[in-house]
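K.L.:
Requesting a structural model of the entry that follows:
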Amino acid sequence: MDYSLDLSTYRVSYTAYALESSMELEFLRTACMCKTVICCRVTPLQKAQVVELVKKYKRAVTLAIGDGANDVSMIKAAHIGVGISGQEGMQAVLSSDFSFAQFRFLQRLLLVHGRWSYLRMCKFLRYFFYKNFTFTFVHFWYAFFCGFSAQTVYDEGFIALYNLVYTSLPVLGMALFDQDVNDGWSLEFPQLYVPGQLSQYFSKTAFMKCALHSCYSSLVLFFVPYATVYDSMRSDGKEAADYQSFALLTQTCLTVTVCVQLGLDLSYWTAVNHLFVWGSLGMYFIVTFAMQSDGLYQIHPPSFRFVGTARNSLDQFSVWLTVFLTAVLCVLPVLVHRFIFVQFRPTINDKVRFKVRQKKDHRPSPRRRTKIRRSSTRRSGYAFSHAQGYGDLVTSKRFLRRPAAPRSTGFTPTGRSPGFKATGRSAGYSPSNKAQNNKLEVEPTELQGYRTVQDSTF
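P.N.:
From the prediction side, this is the model:
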């Protein structure tokens, strides 16, 4: 059963008493049992104290939203501050992290942009750890074969450009443009916001899975190329088991594998993502051939010791077969794991994506909102009157109902009709209870007296 706590009927002193050090835990415990807590008539400092109380004792991310200068303390105290621009000034907007014009935009900020941002950040962290752990663990396995001499398994130029050129743009594109479902489906299914609240996208368990996957990938990336070049011969009869050829094959397998893994993690491909992924692969081969060319070796031989390695190794069929085999073996456990969990333990994201595919990714029609035409952008206010108004006149209905016309007496009336009865100011009514239309009282004529007598008989 849901409860609500309303502190609007209490004065500021009672709210301040609830926020004291001896009572704040009881206040927080009571508030957590309720679905809604309303705190009214509180000072700006007390608003900030309520937010600080939740931040101190609850492991939750707080959001504060306000539109006036009295909300600045609360906005600054929360993890995320949102300001509404309006007639209250710009103090709240200038102190906030996000700002918009209407309160209803908060739904889209949380369910669409906030969820997308959290999902992208978690994917970015998982992929970043994966590609760097895999890069590092290969050196660990190589240390057992080089006598722990600290010799690197890769070319020095590849080590310098791995995170700077070859793998930086693809992960940046994923962190900027990736989305599991579009904004229409995100608003249609608010349940998609729940996994983020439960930290299911990135946690200690997700980090350990990423580390184990990196360890497995590094084993494949080292021992499969090692078995390929071990005691092997080239097509021209020359021996292929040399350090330069092994280093080139290992770093090529690593670059292709991390790009393939990124492609599996991407849920939304754009032109920018295609440019970043395929451009990074193309840049790797262009830079590799350039750095291992004869021209750069003649300019400075000590810095370019892998001269001619790319030209002599990448023209072998066994090298490209090894690259394909290592990429398949590295991503195969990921594909099997995802297939099993989607079939037997699907998440809310999997269910929604399956429903989207069934409906051929048609965007749901947006909910129509009733348009209210306003003649002015100014807010409505209260109006106070210092004199008696026309309320009793309106409620008396004297100006709406007229008495029935009297029967004809044989005389043709002149001027106003017999049923006419003056109302309002013409009858002497005044909001200030002062006489209006004061006229001299004169003796009625014979005709007026006759009408009066005759009318009283009916």
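K.L.:
what stretches of the stretch 301-450 of the chain score poorly on pLDDT?
P.N.:
In the predicted model of the stretch 301-450 of the chain, residues 360-450 satisfy pLDDT under 70.
K.L.:
for the nearest residue to Gly89 once chain neighbours are set aside, what are its contacts?
P.N.:
Distance criterion C-beta to C-beta, 6 or more residues apart in numbering; nearest residue to Gly89, sequence neighbours excluded, is Ala69 at 6.0 Å. Every C-beta, even on glycine, is put in place using the N, C-alpha and C of the backbone. Ala69 makes contacts with Glu88, Gly89, Gln91, Ala92, as judged by C-beta atoms under 8 Å, 6 or more residues apart in numbering.
K.L.:
In this structure the third one contacts Gly68, no?
P.N.:
Same thing as Gln91. Yes. Look at Gln91 against Gly68 with C-beta atoms under 8 Å: they come within range, at 7.1 Å.
K.L.:
coming back round to it: of the contacts of Ala69 - the most surrounded one?
P.N.:
Within these, most neighbours by other C-beta atoms under 10 Å means Ala92, with 26 neighbours.
K.L.:
what does the helix or strand hosting that one contact?
P.N.:
Here Ala92 sits within helix 91-94, counting by DSSP states H and E. Residues outside helix 91-94 that contact it (C-beta under 8 Å, 6+ apart): Gly66, Asp67, Gly68, Ala69, Asp71, Val72, Ile75, Gly83, Ile84, Ser85, Ser99.
K.L.:
go again using 6 Å as the cut-off
P.N.:
Contacts to helix 91-94, defined as C-beta atoms under 6 Å, 6 or more residues apart in numbering, come from residues Gly66, Asp67, Gly68, Ala69, Asp71, Val72, Gly83, Ser85, Ser99.
K.L.:
mind checking how far the spatially closest residue to Leu187 that is not a sequence neighbour is from Leu266?
P.N.:
Nearest residue to Leu187, sequence neighbours excluded (C-beta to C-beta, 6+ apart): Leu111, at 5.7 Å. Using C-beta to C-beta, to the nearest Å, Leu111 is found at 22 Å from Leu266.
K.L.:
Now the element after the helix holding Ala92, going C-ward?
P.N.:
strand 98-100.
K.L.:
partners of that next one, with directions?
P.N.:
Using DSSP bridges, the strands paired with strand 98-100 in its sheet are strand 80-84 (parallel).
K.L.:
got the CA positions of the strand or helix carrying Pro170 in PDB?
P.N.:
Using DSSP H and E, Pro170 sits within helix 168-177. Taking Å, rounded to 0.1, in the frame of the first residue of the first chain, the C-alpha atoms of helix 168-177 are listed here in PDB:
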ATOM      1  CA  SER A 168      39.900   6.200 -30.100                       C
ATOM      2  CA  LEU A 169      37.300   7.300 -32.700                       C
ATOM      3  CA  PRO A 170      35.200   4.200 -32.800                       C
ATOM      4  CA  VAL A 171      34.600   4.200 -29.100                       C
ATOM      5  CA  LEU A 172      34.000   8.000 -29.200                       C
ATOM      6  CA  GLY A 173      31.300   7.400 -31.900                       C
ATOM      7  CA  MET A 174      29.600   4.800 -29.700                       C
ATOM      8  CA  ALA A 175      29.600   7.200 -26.700                       C
ATOM      9  CA  LEU A 176      28.000   9.900 -28.800                       C
ATOM     10  CA  PHE A 177      25.400   8.300 -31.000                       C
END
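K.L.:
avg pLDDT for that helix?
P.N.:
The pLDDT scores in helix 168-177 average 92.
K.L.:
So which elements touch that helix?
P.N.:
The contact analysis (3 or more C-beta pairs under 6 Å, 6 or more residues apart in numbering; DSSP states H and E) places helix 168-177 against helix 115-143, helix 271-291.
K.L.:
In contact with Gly196, which residues are there?
P.N.:
With C-beta under 6 Å, 6+ apart, Gly196 has these contacts: Arg115, Tyr118.
K.L.:
That one and Asn349: what is the separation?
P.N.:
Gly196 sits 11 Å away from Asn349, going by C-beta to C-beta.
K.L.:
residue nearest the centroid of the protein?
P.N.:
Gly114 (1.6 Å; C-alpha atoms, centre = their mean).
K.L.:
among the contacts of helix 91-94, which ones are buried?
P.N.:
Among those, the ones that count as buried by 16 or more other C-beta atoms under 10 Å are Gly66, Asp67, Asp71, Val72, Gly83, Ser85, Ser99.
K.L.:
Is it possible to get the residues you listed out as TSV so that each row also shows secondary structure, distance to Val272 and pLDDT?
P.N.:
TSV is the format used below for those (DSSP: H, G, I helix; E, B strand; the rest coil; distance: C-beta to C-beta, whole Å; pLDDT from 0 to 100):
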residue	secondary structure	distance to Val272	pLDDT
Gly66	strand	36	91
Asp67	coil	36	88
Asp71	helix	38	90
Val72	helix	38	92
Gly83	strand	31	92
Ser85	coil	31	87
Ser99	strand	27	90
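K.L.:
I'd like to know which of the residues you listed is nearest to Phe324.
P.N.:
The nearest member of the buried ones among the contacts of helix 91-94 to Phe324, counting by C-beta to C-beta, is Ser99 at 50.8 Å.
K.L.:
residues near Thr62, how many?
P.N.:
Here the count is done by other C-beta under 10 Å, and Thr62 has 17 residues near it.
K.L.:
For the closest residue to it other than its chain neighbours, grab phi and psi.
P.N.:
Leaving aside its sequence neighbours, Thr62 sits nearest to Ala78 (C-beta to C-beta, 6+ apart; 4.3 Å). Backbone torsions for Ala78, taken as degrees, to the nearest 10, come to phi -80, psi 160.
K.L.:
looking at it, Ala78 is touching Val51, isn't it?
P.N.:
Yes. Ala78 is within contact range of Val51, at 5.1 Å (criterion: C-beta atoms under 6 Å).
K.L.:
Pull up the overlap in contacts between these two.
P.N.:
Common neighbours of Ala78 and Val51, counting by C-beta under 6 Å, 6+ apart, are Thr62, Ala64.
K.L.:
Tell me how far the residue nearest to the centre of the chain lies from Val82.
P.N.:
11 Å.
K.L.:
With Leu161 as the reference, name the closest of the helices and strands packed on helix 168-177.
P.N.:
helix 271-291 (6.5 Å).
K.L.:
Any buried residues in that closest one, and which?
P.N.:
Buried residues in helix 271-291, counting neighbours by 16+ other C-beta under 10 Å, are found at Asn273, Phe276, Val277, Ser280, Leu281, Tyr284, Val287, Thr288, Met291.
K.L.:
Once you drop chain neighbours, what's closest to Asp183?
P.N.:
The shortest distance from Asp183 to any non-neighbouring residue, by C-beta to C-beta, 6+ apart, is to Val112 (4.6 Å).
K.L.:
Sorry, slip of the keys, the one I care about is Val153.
P.N.:
The spatially closest residue to Val153, leaving aside those adjacent along the chain, is Tyr142, at 4.2 Å (C-beta to C-beta, 6+ apart).
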